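>>> Sharing a model that was predicted from the sequence below.
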Amino acid sequence: MQTLSLSEENHLKAIYQILSLQEKHQGASTNAIAERLGAKASSVTDMMQKLSEKKLLHYQKYRGVSLTAEGKKIALVILRKHRLWEYFLVEKLQFKWDKVHEIAEQLEHIQSEELINRLDKFLSYPRFDPHGDPIPDVKGKIIQRKLTKLSEIDSGEKCKVISVANEGENPALLQYLAQIHILPGAHIQMKQRYDFDKSVSISVNRKAAIHISFQVASNIMVSMQKR
């Protein structure tokens with residue numbers, strides 16, 4: 001596996017994350033990558049050229065970029081390290097789930113494969129990170145799930161919280177969700193959707209109904225429960 005700079009690794013991970021959110025793989029646009037990384041579009045364009053020369057991504061005019069097999073492999077390794085470190089920080093060091101993303105961003109660039117494999121074993125091979133996102137295994141396999149945004153389910157429907165969008169990158173959102181007990185594994189029933197602002201009224205774990213905004217509901221990923 002190629003040795004890359006931190007910036008190159010960050011770009012590959014960002015591209016993978018953008019593509020993984022797409023139902024149809026149109027490719028990741030320069031603007032989408034720049035927005036995710038908080039970078040200038042011009043610097044992203046330069047990086048795309050470098051990564052293309054290293055045969056880590058494909059570029060199609062008007063369709064953005066996609067990862068080669070090697071590029072995807074590297075992105076999954078970075079993601080694996082990031083999510084394992086998040087799990088370790090929460091489960092073993094008692095960090096709150098809204099405090100671990102930035103630390104894991106630093107730790108994900110550690111190069112020792114042996115360390116990461118030992119960490120995985122020490123943690124008893126967790127399958128999901130604290131935010132509900134799947135952790136790639138040592139072979140790069142990652143669990144695929146059919147998820148729906150809470151904001152899109154109908155009144156009366158029941159669902160289970162699986163994960164939070166954007167991989168736990170918004171501490172304020174995570175703090176708020178913890179306060180109202182919306183964590184991975186929580187059971188939700190949609191009571192009512194309001195057309196005027198798309199906000200929703202929900203019951204969490206059969207408790208009294210609460211009201212949350214469309215923006216918050218859009219960041220909660222759920223699996224539907226059979227009626």
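That came in fine, so what should we check first?
>>> from here on, contacts and neighbour counts on C-alpha atoms
Noted.
>>> Now do the most centrally placed residue in the chain against residue 65, distance only.
Nearest residue to the geometric centre of the chain (C-alpha atoms, centre = their mean): residue 167, 3.2 Å. Per C-alpha to C-alpha, to the nearest Å, residue 167 is found 21 Å from residue 65.
>>> For residue 126, the count of nearby residues, please.
17 (other C-alpha atoms under 10 Å).
>>> quick one: it from residue 30, how far?
According to C-alpha to C-alpha, residue 126 and residue 30 sit 33 Å apart.
>>> what does residue 226 give?
If you go by C-alpha to C-alpha, the gap between residue 226 and residue 30 works out to 40 Å.
>>> With neighbour numbers in mind, choose between those two.
The residue with more neighbours, out of residue 226 and residue 30, is residue 30; 19 against 7, by other C-alpha under 10 Å.
>>> Could you pull up the contacting residues of that one?
Residue 30 sits next to 41, 44-45, 64 when contact means C-alpha atoms under 8 Å, 6 or more residues apart in numbering.
>>> Can you give the domain ranges for the chain?
6-67, 148-224 (automatic domain parsing).
>>> burial of residue 146, as a residue count?
The number of residues packed near residue 146 is 8, by other C-alpha under 10 Å.
>>> actually residue 172, sorry about that
By the criterion of other C-alpha under 10 Å, residue 172 has 10 neighbours.
>>> Three-state assignment for the residue nearest to residue 89 when sequence neighbours are not counted, please.
Counting by C-alpha to C-alpha, 6 or more residues apart in numbering, residue 89 lies nearest to residue 95, which is 5.6 Å off, once chain neighbours are set aside. When classified by DSSP: H, G, I helix; E, B strand; the rest coil, residue 95 comes out as coil.
>>> my read: residue 95 touches residue 101, true?
No. Using C-alpha atoms under 8 Å, residue 95 makes no contact with residue 101, being 10.5 Å away.
>>> The two: which has the busier surroundings?
Set side by side, residue 95 and residue 101 show more neighbours around residue 101, with 21 against 14, by other C-alpha under 10 Å.
>>> can you pull the contacts of the more buried one?
By C-alpha under 8 Å, 6+ apart, the residues touching residue 101 are 86, 168-169.
>>> and if you look at residue 146?
residue 223.
>>> follow-up on the earlier one: show the buried residues in the contacts of residue 30.
Buried members of the contacts of residue 30, counted by 16 or more other C-alpha atoms under 10 Å: 41, 44, 64.
>>> Give the buried residues for the lengthiest helix in the chain.
Secondary structure of the chain per DSSP state H: the longest helix is helix 69-91. Residues 71-90 are the ones in helix 69-91 that count as buried (16+ other C-alpha under 10 Å).
>>> for stretch 173-187, same thing?
For stretch 173-187, by 16+ other C-alpha under 10 Å, it's 174, 182-184, 187.
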